[in-house]
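K.L.:
here is my input; please provide its structure:
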Amino acid sequence: MALEWVVLGYAAAAEAIMVILLTMPGLDALRKGLIAVTRNLLKPFLSIIPFCLFLLMDIYWKYETRPSCDGDSCTPSEHLRHQKSIMKSQRNALLIASALVFYWILYSVTHLVVKIEQLNQRVERLKNKD
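P.N.:
Predicted structure coming up:
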């Protein structure tokens, strides 16, 4: 089960790196290639959405079936294991949220950068026309 979280973490990191590279000023020479790569990766990265939903359902199922540890009903080691399980679930939910937010930001930034490039080309054509 840990492999799923590693894959999701790498996907979120790749999305964050692409967003940083697309928005970083001074990379105009690389921007066209980066735009092409990012646009080609947006469709495969769309699979992150159902993957995140599956992992979110997994967290919910683990939360619902987790034995409760109230008061003196459990030993200190069981109580510690229960707290660790809660912390891992919260960490994993944060990873899911970050992957989804980074995908949305990457999609939006890529769309805006493509629009800006098209507008710049239109301005150049109009300047050359006059």
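K.L.:
which SS state does P25 fall under?
P.N.:
What DSSP: H, G, I helix; E, B strand; the rest coil gives for P25 is coil.
K.L.:
state the phi and psi torsions of it.
P.N.:
For P25, the backbone dihedrals are phi -70, psi 150 (criterion: degrees, to the nearest 10).
K.L.:
next, count neighbours for it.
P.N.:
As a burial measure, the neighbour count of P25 was computed by other Cβ atoms under 10 Å and equals 5. In short, each C-beta sits where N, CA and C put it, glycine included.
K.L.:
roughly how far does G33 sit from L106?
P.N.:
16 Å (Cβ to Cβ, to the nearest Å).
K.L.:
no no, S47
P.N.:
Distance from S47 to L106, by Cβ to Cβ: 14 Å.
K.L.:
mind telling me what element the residue nearest the centre of the chain is part of?
P.N.:
With distances taken as Cα atoms, centre = their mean, the residue of the chain nearest its centroid is A99 (1.9 Å). Counting by DSSP states H and E, the element that carries A99 is helix 76-129.
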